[in-house]
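Student: model the structure of this input:
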Amino acid sequence: MTEVSVPEFIGSVDVGPLTMVQLSEWKQFVSANAADRRALAVFVDVQAEAASKLRSQEKVNETCLLVGSLEWVLARFEAAAESLARVKRGDFARRLEGDCHLQLGRYSKAAQIFSKLAAKQETLEIRMALVESLTGKGEPAEAQKILKSVADEYADHAEWHYQSGMLADTQGGQGRCRHLLPEGSGA
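Tutor: Numbers count the residues shown, from 1 in each chain. Sure thing, here's the model as predicted:
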């Protein structure tokens, strides 16, 4: 991300559809300087106050998505989850809300959100978030089923191996995730 001043950064936050890459860049940007973080926090607080007074669902969706996304950037996961829950439509809002619940250790709620998303989006990111949720929730068999079902497609991705290792760790064994790999895999 190129260096931008705080006013320019704050002025650009509501431009276009948000992405996880963009939010991650913003998170890095504000973590680099306490003044930038404080300025963004003030901006978010003002926007959150305005959102609480909105009546039009379209404006609520738009403003709460922005506020919830920026609260996620600031690692205010409780507030972000609340703001994002007010967004009535939008897979991106659900994705962020699910991540907030993961960060807060609310694995059942995260699993519920990611299960619905996985039915619509067959992406590595969503599936691995669902695996993480199920593992945290204490449903290793379900997590294992998902990992095994996507092994042919994703076994060469670091996130697949990370979630496989986390699952194996919760099951008390080392190297127990090898059986998830496709036959003949050298990984």
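Student: C-alpha only now, for contacts and for neighbours.
Tutor: Will do.
Student: for the host helix or strand of residue 164, name the packing helices and strands.
Tutor: Here residue 164 sits within helix 158-170, counting by DSSP states H and E. In terms of contacts (3 or more Cα pairs under 8 Å, 6 or more residues apart in numbering; DSSP states H and E), helix 158-170 is packed against helix 124-137, helix 140-149.
Student: apply 10 Å and report the result again.
Tutor: The helices and strands touching helix 158-170, judged by 3 or more Cα pairs under 10 Å, 6 or more residues apart in numbering; DSSP states H and E, are helix 124-137, helix 140-149, helix 151-154.
Student: can you list the ones you listed in a markdown table and add mean neighbour count?
Tutor: Formatted as a markdown table, the helices and strands packed on helix 158-170 follow (neighbours: other Cα atoms under 10 Å):
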| stretch | mean neighbour count |
| --- | --- |
| helix 124-137 | 23 |
| helix 140-149 | 18 |
| helix 151-154 | 16 |
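Student: ok, now how distant is the nearest residue to residue 136 once chain neighbours are set aside from residue 90?
Tutor: Nearest non-adjacent residue to residue 136, counting by Cα to Cα, 6 or more residues apart in numbering: residue 107, 5.7 Å away. Residue 107 sits 21 Å away from residue 90, going by Cα to Cα, to the nearest Å.
Student: and if you look at residue 158?
Tutor: 28 Å.
Student: which one of the helices and strands packed on helix 158-170 lies nearest to residue 83?
Tutor: helix 124-137 (20.3 Å; Cα to Cα).
Student: helices or strands up against the closest one?
Tutor: Counting by 3+ Cα pairs under 10 Å, 6+ apart, helix 124-137 packs on helix 91-103, helix 107-120, helix 140-149, helix 151-154, helix 158-170.
Student: can you give me the offset of the first one from its chain's centre?
Tutor: Meaning helix 91-103. Remark: helix 91-103 is offset 5 Å from the chain centroid, using Cα atoms, centre = their mean, to the nearest Å.
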